[in-house]
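Asks: kindly generate the corresponding structure for this input.
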Amino acid sequence: MPSEIFSFFDECKQQGLKNNDSIDSTGFGKRPDEAWWCVWHEGKIISISGSHKLSFLGKNAYRVLVRSATLKQYRGKAGPFTKSIKHDFTWGHIAKHQIDYCKKLGGNKFYFTTNNHNPDLLVNEKTDRMVNKILVPQGYIEFVDQVTLYGTSQNIWKINKLP
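Replies: Below is the predicted model:
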């Protein structure tokens, strides 16, 4: 792990990003076929996202965009603003690398989850509403199911295509 990850955790803690403020909250090293991606800017980690196998959805199913977080001052700055959300570091840029990596492991179905109810992390509920309102109508994703995953109520979204 790069030492800069601890500075990222500290900034997440200061910004109230509870799912990304420590090794434990991020869940590093706890899932099958796990891998992580970081976006760096001027020697600093500004965004992270992970992937792992999600066997209950099928033998070759993988979850991407796990514990995705971008420091607030860098959100929406990954490129020009588009309706396909390419300006987001995680969805617009990291997801394609995660899917390519998971394909090398035999993955052929790709999903991500959003918290549909978490009073401690209302920003995550906002993400859930946003992807439903923006990405579903464009055919990028489709709703699969509502489940409790790792102790949290989440919506599962199947990725049909990337922007």
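Asks: which stretches in this structure count as helices?
Replies: Applying DSSP state H to the chain gives helices spanning 4-14, 23-26, 89, 95-104, 122-134.
Asks: single out the most deeply packed of these.
Replies: helix 89 (a mean of 27; mean count of other CB atoms under 10 Å). Backbone N, C-alpha and C define where each C-beta goes, glycine included.
Asks: now that helix: how far from the chain's centre is it?
Replies: 10 Å (CA atoms, centre = their mean, to the nearest Å).
Asks: give me the local confidence score for the residue nearest the centre of the chain.
Replies: Centroid-nearest residue in the chain, with CA atoms, centre = their mean: residue 65, separated by 2.3 Å. pLDDT for residue 65: 96.
Asks: so it sits against residue 102, correct?
Replies: No. At 11.5 Å, residue 65 does not count as touching residue 102 under the criterion of CB atoms under 8 Å.
Asks: now the common contact residues for those two.
Replies: Taking CB atoms under 8 Å, 6 or more residues apart in numbering as the criterion, residue 65 and residue 102 both touch residue 51.
Asks: show me what contacts residue 55?
Replies: Residues in contact with residue 55, defined by CB under 8 Å, 6+ apart, are 32, 61.
Asks: distance-wise, check it relative to residue 63.
Replies: In this view, residue 55 and residue 63 are 10 Å apart by CB to CB, to the nearest Å.
Asks: now residue 37
Replies: Distance, residue 37 to residue 63, by CB to CB: 14 Å.
Asks: related to what we said a few turns ago, least confident of the helices of the chain, on average?
Replies: Checking each of the helices of the chain, the one with the poorest mean pLDDT is helix 122-134, at a mean of 80.
Asks: coming back round to it: let me have the helices of the chain in a markdown table, extended by distance to residue 152.
Replies: Shown next, in a markdown table, are these (distance: least, CB to CB, whole Å):
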| stretch | distance to residue 152 |
| --- | --- |
| helix 4-14 | 17 |
| helix 23-26 | 12 |
| helix 89 | 23 |
| helix 95-104 | 20 |
| helix 122-134 | 9 |
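Asks: for residue 81, which of the ones you listed is the nearest?
Replies: Across the helices of the chain, residue 81 has its closest neighbour in helix 122-134 (12.0 Å, CB to CB).
Asks: skipping adjacent residues, who's closest to residue 32 in space?
Replies: Closest residue in space to residue 32, ignoring its immediate chain neighbours: residue 53 at 4.3 Å, by CB to CB, 6 or more residues apart in numbering.
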